[in-house]
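Chemist: here is my input, please return the structure:
(one chain, ligands or ions: 1)
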Amino acid sequence: MSRERPNDLGAFWLPFTPNRDFKARPRMLSRAEGMYFHSNDGRALLDACSGLWCSNAGHGRKEIADAIARAAHSLDFAPTFQFAHPDAFVLAERIAALAPEGLDHVFFVNSGSEACDAALKIARAYWQKKGEGGRFRLIGREKGYHGVTFAGISVGGLANNRKPYGPLLPGTDDHLPLPYDRAAMAFTRGEPEAGADYADALDALVALHGAETIAAVIVEPMSGSAGVFAAPKGYLQRLRAACDRHGILLVFDEVITGFGRVGAAFAAERYGVVPDMITFAKGVTNGAVPMGGVIVSGKIHEAFMTGPAHAIELFHGHTYSGHPLACAAGLATLDIYRDDALFARAKTLEKTFEDAVHGLKGAARVVDIRNVGLAAGIDIEPDAQAPGLRGFEAMRRAFFDEDMVIRVSGDTIALAPALIVSESEIARMVESVRRVLGRLG
Ligand SMILES: Cc1ncc(COP(=O)(O)O)c(C=O)c1O
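Modeler: Numbers count the residues shown, from 1 in each chain. Predicted structure coming up:
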């Protein structure tokens, strides 16, 4: 961190934050190590959401910092338009090796949003290459979060992210239903038993529009930002089968579920379902350097590798695609995941975490608890006059009263600790949430 202190807090416009409230009573983080952030008033704050679902190996990993420093000293930047550097190829190979068989090419970008945007563009361009340019529709899901680009908010299903920005991307009006019904599913542990048939909604959209107009379906295998909604048992298999029946590409947005969050390298592995593309970001560098990407099937990649050899196959990319510092961070991060067997650790801890969070059933104002892997969503009964206020207050109280950083989305608390979390830290997290809930208005 620079040693300079801000004169005032006016200049920085914070994203996804009530700025006036923040600046009146800031929550400032100055250092991070292991499971803890440190505030600038000297408190150690238990990080209950891996930063922003990204620091899966815990903060301040020396191996990653050293790798970034080495890269900065030896190759601070290298273009990947028409040139490249070896680490980008090595990292792509390592990521593809973690993905299901058949997903073997990696396109690098710098964030989860860009990853989703790239996947959706690849889907449309793929069908043009195949001579089926009439397949333009991109189908998302209610409550889906695929980042903040126009494409991402268009296939996304979070109303606040969409409403101010219309009209949105043509061909994205249809959304599958979220496979969730509180009346039937409240307090389910892990994946709900019933609900696979929510995937049949795709058949209805095919009946309405014709399969020949649909390019791709994009879903999060576990909806994270909306508040941790696990896919019901068999749902993703059924969606895969429906896509196959109608020749539609299936994209798993694994920006959150990738790199161990659900006890496997990817949710595709946990559920034994192979999509045509996987988007990733966050955990790939443990949050240390921005990076994202799309893992693409051989079938899709092959479709682009045609035409004259001198011609660019995909007119897409960013100045910082495959940036040397991000690649160095990614390689060091994947070493840690492997050497510390962190994906297996997440799987082992899942039951302990599940028992702990479901212990909050009956706590003040809790109306549902959901969990999968090392992620949990705790729904608080909203204030009828001010939806979102109790969630916001819970986040503030956790920070100031409980020395804990939690993530809230509306009136849902999300807990998603790093995969290095201890059982006692899980217990502490839950007890802090219980106290916070007890103090809400
Ligand atoms: C599933 C999913 N997709 C995309 C994104 C967007 O990623 P980013 O914030 O890196 O643009 C997120 C961010 O939380 C996400 O959870």
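Chemist: what's the helix or strand for residue 288?
Modeler: Under the criterion DSSP states H and E, no helix or strand holds residue 288.
Chemist: now stretch 42-49: buried residues?
Modeler: Neighbour counts over stretch 42-49 (16 or more other C-beta atoms under 10 Å) mark 45-49 as buried. The C-beta positions use only the backbone N, C-alpha and C, and glycine is treated the same way.
Chemist: give the contact list for the nearest residue to residue 298 once chain neighbours are set aside.
Modeler: Nearest non-adjacent residue to residue 298, counting by C-beta to C-beta, 6 or more residues apart in numbering: residue 104, 5.5 Å away. For residue 104, the contact set (C-beta atoms under 8 Å, 6 or more residues apart in numbering) comprises 96, 295-298, 301.
Chemist: of all those residues, which comes closest to the ligand?
Modeler: The ligand lies nearest to residue 295 out of the contacts of residue 104, by C-beta to the nearest ligand atom, at 14.1 Å.
Chemist: mind checking the SS state of the closest one?
Modeler: strand (DSSP: H, G, I helix; E, B strand; the rest coil).
Chemist: for it, give the beta-bridge partners.
Modeler: Residue 295 forms beta bridges with residue 106, residue 278, as assigned by DSSP bridges.
Chemist: I'd like the distance between it and residue 309.
Modeler: Distance, residue 295 to residue 309, by C-beta to C-beta, to the nearest Å: 25 Å.
Chemist: so for these two, which sits in the more crowded spot?
Modeler: residue 295 (28 against 6; other C-beta atoms under 10 Å).
Chemist: per-residue pLDDT, that one?
Modeler: For residue 295, the pLDDT comes out at 99.
Chemist: for the contacts of residue 104, pick the one with the most neighbours.
Modeler: Highest neighbour count within those: residue 295, with 28 neighbours (other C-beta under 10 Å).
Chemist: surely it and residue 105 touch.
Modeler: Yes. With contact defined as C-beta atoms under 8 Å, residue 295 and residue 105 form a contacting pair (7.2 Å).
Chemist: what about residue 151, helix or strand, and which?
Modeler: Residue 151 is located in helix 150-155, with elements delineated by DSSP H and E.
Chemist: so what touches that helix?
Modeler: The contact list for helix 150-155 (C-beta under 8 Å, 6+ apart) reads 113, 116-117, 120-121, 138-140, 144-147, 161-162, 165, 168-169, 172, 175, 218.
Chemist: any idea how far the residue nearest to residue 79 when sequence neighbours are not counted is from residue 174?
Modeler: Of all residues not flanking residue 79 in the chain, residue 319 sits nearest, at 7.6 Å (C-beta to C-beta, 6+ apart). According to C-beta to C-beta, residue 319 and residue 174 sit 34 Å apart.
Chemist: you'd agree residue 172 is up against residue 144?
Modeler: No. Between residue 172 and residue 144 there is no contact under C-beta under 8 Å: 11.0 Å.
Chemist: neighbour count winner among these two?
Modeler: More crowded of residue 172 and residue 144, by other C-beta under 10 Å: residue 144, with 24 against 21.
Chemist: sec struct for the closest residue to that one other than its chain neighbours, please.
Modeler: Spatial nearest neighbour of residue 144, chain neighbours left out: residue 157 (4.4 Å); criterion: C-beta to C-beta, 6+ apart. Assigned by three-state DSSP, the conformation of residue 157 is coil.
Chemist: how much space between residue 260 and the ligand?
Modeler: Separation of residue 260 from the ligand (C-beta to the nearest ligand atom, to the nearest Å) stands at 15 Å.
Chemist: and the residue lying closest to that residue once chain neighbours are set aside, how many residues sit next to it?
Modeler: Setting aside the residues directly before and after it, residue 260 is nearest to residue 343 in space (C-beta to C-beta, 6+ apart), at 4.2 Å. Other residues near residue 343 come to 24 when the count uses other C-beta under 10 Å.
Chemist: helix, strand or coil for residue 343?
Modeler: Following three-state DSSP, residue 343 is assigned to helix.
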